[in-house]
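**Q** Following is a predicted model, sequence given first.
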Amino acid sequence: MAAQQGPVVIVGAGQAGGWVALTVRSLQPDRPVILIGDEDHPPYERPPLSKDVLSGKATPESTYLKPLAHYAESGIDLRLGSRVAAIAPDDRTVTLSTGERLGYGQLVLATGMSPRPLVIPGADHPRVRTLRSMQDLAPIRQLLAPGHKVVCIGAGFIGLEIAAVAARSGCAVTVLEAAPAALGRVVSPEVSAALVRRHEQNGVAFRFGASVISIQDKSGMAEIELAGGDSLAADLVIVGIGGMPNCQLAEAAGIDCDNGISVDAEGRTSEPSIYAAGDVCRQFSLALGRTIRLESWQNAQNQAIAVGKHIAGVPEPYADLPWFWTDQYDDNFQIIGAPERWDRVVWRGMPDDDKFTAIYLDNGRVVAGNTLNNARDIRPLRQMIIDQAVVDPAVLQDTETALIKIQKLQAAI
Ligand SMILES: Cc1cc2nc3c(=O)[nH]c(=O)nc-3n(C[C@H](O)[C@H](O)[C@H](O)COP(=O)(O)OP(=O)(O)OC[C@H]3O[C@@H](n4cnc5c(N)ncnc54)[C@H](O)[C@@H]3O)c2cc1C
C-alpha cells in the first residue's frame with residue numbers, strides 16, 4: 001500500500017486537529033482517519049473559555065466543533081483521553097502512552113501550546129491558575145466570587161479577558177504587568193492605553209513595570225511579593241504570560257523546530273510525511289512574506305483546513321492575513337494584520353470613544369488596523385493591507401465617508 005494511502009493520524013484533538021480530520025474525511029470518505037487527543041472533550045474552540053463560558057453565559061458543549069457523535073458518523077476514529085508518547089518517522093508509527101503502536105500514511109502534529117509557567121518560588125500555590133483547557137475552568141470559576149481579590153499576572157489578551165469577567169463578577173481586580181503597557185507587542189501605545197482606560201472604568205487597577213518575585217501562603221490566600229517590597233493578597237491569581245508551542249514530539253523525532261514546528265507553505269515539516277497545523281507551527285506566511293507562529297482561532301481553523309486539503313490531494317494555498325478578536329465587557333476589539341513595524345497610527349474616532357478604528361501606516365502604506373466596536377471596518381482594512389494601499393491620512397481620518405467607500409475608491413485608481 002502506498003504510504004499516502006495509509007491512515008491519516010492526527011496528534012492533538014483541538015481546533016486544528018479537529019478541522020484536519022473533518023476536512024480529510026469530507027474529501028476522502030474512504031480514508032482512515034485517527035484523531036488522538038489527551039483531553040476528555042471532543043475538539044472544541046477555546047476563545048469562549050475566557051469569555052462566555054467563564055462568565056456562565058455559555059455552556060462548555062457550545063464550544064464543540066461538532067457533537068461527539070458526528071465523529072463516529074463521519075468515520076473518524078476519535079480517541080479521547082489518549083496521549084501520544086513518541087513518533088517514529090522511519091517506520092511511520094506513533095506510540096501511545098499505553099504502549100499501543102499505530103502506523104500512519106501521513107501524520108499531522110496539532111499539539112497546540114501550553115501556558116508559559118511562572119518560574120518563581122510559590123508558583124505552585126493552589127490559588128495560582130492558568131486557563132488553557134476546559135478542565136482549568138472549575139477552580140477559576142469557583143474563586144470568582146463577589147468581593148474576592150483577583151490578581152492577573154500579565155496584561156495580554158487572556159489576562160485582560162479574565163480581568164473583565166472577574167470585574168463583572170464583583171471581584172476586586174488588579175493586573176500586574178512587567179512591561180510599561182498592556183498588549184505591548186501587538187498594538188500601539190495609544191490603543192493599549194485606550195483599552196486600559198476601559199478596564200479602569202470598570203474598576204480594574206493596573207500596575208505596569210511590576211516584577212513578581214514570589215508567592216507565599218497566607219491563611220490559604222496567595223500573598224504576591226513584588227520587587228521593591230510591596231505585596232498583594234489574592235483569592236485567585238491568574239497567570240497569563242504567554243505560551244510555549246508543544247514541539248516535544250517533533251523535536252525528539254529530529255524534525256526542524258524554531259519556536260514552533262517549522263512547516264513549508266503546504267504545512268509539511270522537514271519529514272515529508274509529517275504535517276503540522278495550529279498554534280504549534282511556524283509557517284512562511286504568503287500574506288506577510290515572513291515566517292510567523294500564530295495563536296489564533298482563524299489560523300487554527302483555516303491553516304488546518306488547508307493541511308487537510310493538501311493531504312486529500314486538493315491543495316489550496318493558505319494565504320490568510322492574520323486576524324484576531326477579543327471580547328472584554330461589552331466591547332469587541334479586533335486586529336487585522338501583523339506588522340513588524342509602523343511609523344504612524346491614523347484614528348477614525350477618538351481613543352476614548354466607544355467605537356473607533358486605528359489604522360497603522362508604514363511609509364504611507366496601510367499595514368494593520370484595530371477596531372473597537374467597529375467590526376465593519378475590518379473588511380476594507382484587510383483589502384487595503386493586501387493591496388499595500390497608500391491613502392492620504394486626511395482621507396482615512398474622514399469619518400463622514402465609510403471606510404469601505406474609501407477603500408473601493410482607492411482600489412479603482
Ligand atoms: C482561553 C483562551 C482564549 C482564547 N481567545 C481567543 C480569541 O478571543 N480570539 C482568537 O483568535 N484566539 C483565541 N484563542 C486562541 C485559540 O483558541 C487557539 O489559537 C486555538 O485553540 C489553537 O488550536 P490548536 O488546535 O492549534 O491547539 P489546541 O486547541 O491547544 O489543541 C491542541 C490539543 O492537543 C492536545 N495534545 C498536545 N499534546 C498531545 C499529545 N502528545 N497527545 C495527544 N494530545 C495532545 C492538547 O491537550 C490539546 O487538546 C484563545 C485561547 C485560549 C486558551
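**A** The structure has been received and is ready for your questions. Just so it is clear, the structure is predicted and the values come from calculations on it, not from any experiment.
**Q** Could you check how far the residue in the stretch 151-300 of the chain that the ligand sits nearest to is from Ala16?
**A** The stretch 151-300 of the chain approaches the ligand most closely through Gly278 (2.2 Å), counting by C-beta to the nearest ligand atom. For glycine as for every other residue, the C-beta is placed from the backbone atoms N, C-alpha and C. Using C-beta to C-beta, to the nearest Å, Gly278 is found at 3 Å from Ala16.
**Q** can you check Ala85 too?
**A** Using C-beta to C-beta, Ala85 is found at 20 Å from Ala16.
**Q** Just want to know which of these two has more residues nearby.
**A** Ala16 (31 against 13; other C-beta atoms under 10 Å).
**Q** Assign the more buried one to helix, strand or coil.
**A** Following DSSP: H, G, I helix; E, B strand; the rest coil, Ala16 is assigned to helix.
**Q** Now do the contacts for the nearest residue to Pro43 once chain neighbours are set aside.
**A** Among residues not flanking Pro43 along the chain, Gly18 sits closest, at 2.8 Å (C-beta to C-beta, 6 or more residues apart in numbering). For Gly18, the contact set (C-beta atoms under 8 Å, 6 or more residues apart in numbering) comprises Leu35, Pro42, Pro43, Leu65, Lys66, Ala304.
**Q** State the pair within those residues that is farthest apart.
**A** Spatially, the most separated pair among these is Pro42 and Ala304, at 15.1 Å (C-beta to C-beta).
**Q** So the two - more neighbours on which side?
**A** Shown here are Pro42 and Ala304; by other C-beta under 10 Å, Ala304 has more neighbours (31 against 22).
**Q** What is the helix or strand hosting that one packed up against?
**A** Element membership of Ala304 [criterion: DSSP states H and E] is helix 297-311. Helix 297-311 sits against helix 15-27, strand 106-109, strand 274-276, strand 323-328, with contacts defined as 3 or more C-beta pairs under 8 Å, 6 or more residues apart in numbering; DSSP states H and E.
**Q** For this protein, which segments are assigned as helices?
**A** With DSSP state H, the ranges of helices along the chain come out as 15-27, 52-55, 68-73, 137-143, 157-168, 189-201, 248-252, 297-311, 378-386, 393-397, 403-412.
**Q** In the stretch 1-150 of the chain, which residue sits closest to the ligand?
**A** For the stretch 1-150 of the chain, C-beta to the nearest ligand atom, closest residue to the ligand: Gly14, 1.9 Å.
**Q** Count the neighbours of that residue for me.
**A** Neighbours of Gly14 using other C-beta under 10 Å come to 28.
**Q** Not counting its neighbours along the chain, what's nearest it?
**A** Gly112 (5.0 Å).
**Q** Could you report the neighbour count for Gly12?
**A** For Gly12, the count of nearby residues is 28 (other C-beta under 10 Å).
**Q** Send over stretch 58-75 as CSV, restricted to the C-alpha atoms.
**A** Extracted C-alpha coordinates of stretch 58-75, given in CSV (Å, rounded to 0.1, in the frame of the first residue of the first chain):
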residue,chain,number,x,y,z
ALA,A,58,-22.4,29.8,27.5
THR,A,59,-22.2,26.0,28.2
PRO,A,60,-18.9,24.1,27.6
GLU,A,61,-20.7,21.9,25.0
SER,A,62,-21.5,25.1,22.9
THR,A,63,-17.8,25.3,22.1
TYR,A,64,-17.6,21.9,20.4
LEU,A,65,-16.7,22.0,16.7
LYS,A,66,-19.1,19.1,16.2
PRO,A,67,-21.2,17.0,18.6
LEU,A,68,-19.3,13.9,19.8
ALA,A,69,-21.5,11.5,17.7
HIS,A,70,-20.5,13.3,14.5
TYR,A,71,-17.0,11.8,14.5
ALA,A,72,-18.2,8.2,14.5
GLU,A,73,-20.9,9.1,12.0
SER,A,74,-18.2,10.5,9.7
GLY,A,75,-15.9,7.5,10.2
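**Q** Could you pull up the mean pLDDT of that stretch?
**A** Here stretch 58-75 scores 97 as its mean pLDDT.
**Q** surely Ile274 meets Gln106?
**A** Yes: with contact defined as C-beta atoms under 8 Å, Ile274 and Gln106 form a contacting pair (7.4 Å).
**Q** residue ranges of the strands in the stretch 101-250 of the chain, please?
**A** 101-103, 106-109, 113-115, 128-129, 149-153, 172-177, 205-208, 212-218, 221-226, 231-234, 236-239, 243-245 (DSSP state E, counting those that start in this stretch).
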